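# The following block contains a protein sequence and its predicted model.
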Amino acid sequence: MDNRLTRIDGDGNAEFYIYRIEDKTLHLRLASGLEGSSELFFEQINTNKLKVENLYASIPEAEPVFIIFERY
């Protein structure tokens with residue numbers, strides 16, 4: 001079974017991903033099967049929370065954005 005992750009932005013829009021974790025890297029790919037994937041570094045806050053560094057690293061002109069994923 002794949003690990004699933006849902007990202008909901010401030011406007012309530014959701015994106016669905018499949019993820020895997022290797023060492024300190026979070027590998028994301030779109031659950032829809034559309035092309036696109038990311039490798040993001042993270043800090044483990046506790047057993048249920050990850051702080052992901054620079055969410056939009058592929059956009060050089062973007063300000064660094066950090067996000068916290070929490071497992072429920």
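Perfect, thanks for sending it. Numbering: from 1, shown residues only.

# hey, let's count contacts and neighbours off CA atoms from now on
OK.

# OK, contacts around the residue nearest to Lys49 when sequence neighbours are not counted?
Nearest residue to Lys49, sequence neighbours excluded (CA to CA, 6 or more residues apart in numbering): Glu70, at 4.5 Å. By CA atoms under 8 Å, 6 or more residues apart in numbering, Glu70 lies in contact with 48-50.

# Where neighbours are concerned, which of those residues has the most?
Compared across the contacts of Glu70, Leu50 has the highest neighbour count, 18 neighbours, by other CA atoms under 10 Å.

# any idea how far the closest residue to Phe16 other than its chain neighbours lies from Leu34?
With CA to CA, 6+ apart as the criterion, Phe16 has its nearest non-adjacent residue at 4.6 Å, and that residue is Thr6. The spacing between Thr6 and Leu34, counted by CA to CA, to the nearest Å, is 16 Å.

# More neighbours: which of those two?
Set Thr6 next to Leu34 and count neighbours by other CA under 10 Å: Thr6 wins out with 12 against 8.
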